[in-house]
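In: When you get a sec, could you give me coordinates for this:
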Amino acid sequence: MGSRVIIDGWVRDTEADGKCAYVKAFAPFTDGTSRKEAKACPKGTTTKFTWQASGTEVRAYLYVA
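Out: Coordinates of the predicted model:
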């Protein structure tokens, strides 16, 4: 059986600046996709995520846009 990795967490928008907070992740996810994104906005919004991928690592980034 192959290796699996899980990325589990949340992203929250903490500023009323018209921007959103994002987590973007890249990996061979078990649903067949290679990219996932969680978005939180407006201020006070929290978005939870749990993503599972094949392999041993996930590249993930937190950013505001």
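In: Any figure for the gap between the most centrally placed residue in the chain and residue 14?
Out: Ranked by distance to the mean C-alpha position of the chain (Cα atoms, centre = their mean), the top residue is residue 23 at 3.9 Å. Taking Cβ to Cβ, to the nearest Å as the measure, residue 23 and residue 14 are separated by 14 Å. Where you see a C-beta, it was placed from the backbone N, CA and C, and this is true even at glycine.
In: just residue 57 next, same as before
Out: Between residue 57 and residue 14 the distance is 28 Å, computed by Cβ to Cβ.
In: these two touch, right, residue 8 and residue 58?
Out: No - counting by Cβ atoms under 8 Å, residue 8 sits too far from residue 58 to count as a contact (10.5 Å).
In: who has more neighbours, these two?
Out: Remark: of residue 8 and residue 58, residue 58 carries more neighbours, 17 against 9, as counted by other Cβ atoms under 10 Å.
In: from memory that one sits against residue 25, does it?
Out: Yes - proximity of residue 58 to residue 25 meets the contact threshold set by Cβ under 8 Å, at 5.2 Å.
In: okay, and the common contacts of the two?
Out: When contacts are counted by Cβ atoms under 8 Å, 6 or more residues apart in numbering, residue 58 and residue 25 are jointly contacted by 7, 51.
In: what's the helix or strand containing the residue nearest to the centre of the chain packed up against?
Out: Secondary structure assigned from DSSP states H and E places residue 23 in strand 21-26. Secondary structure elements in contact with strand 21-26, counted by 3 or more Cβ pairs under 8 Å, 6 or more residues apart in numbering; DSSP states H and E, are strand 4-12, strand 35-40, strand 59-64.
In: Just say which of the ones you listed is most tucked in.
Out: Burial among those, expressed as mean neighbours by mean count of other Cβ atoms under 10 Å, is greatest for strand 35-40, which shows a mean of 16.
In: That strand pairs with which strands?
Out: Neighbouring strands of strand 35-40 in its sheet, by DSSP bridges, are strand 21-26 (antiparallel).
In: and the angle from the strand it pairs with to strand 4-12?
Out: Compare the direction of strand 21-26 with that of strand 4-12 by axes from the mean of the first three to the mean of the last three Cα atoms, to 10 degrees and you get 170 degrees.
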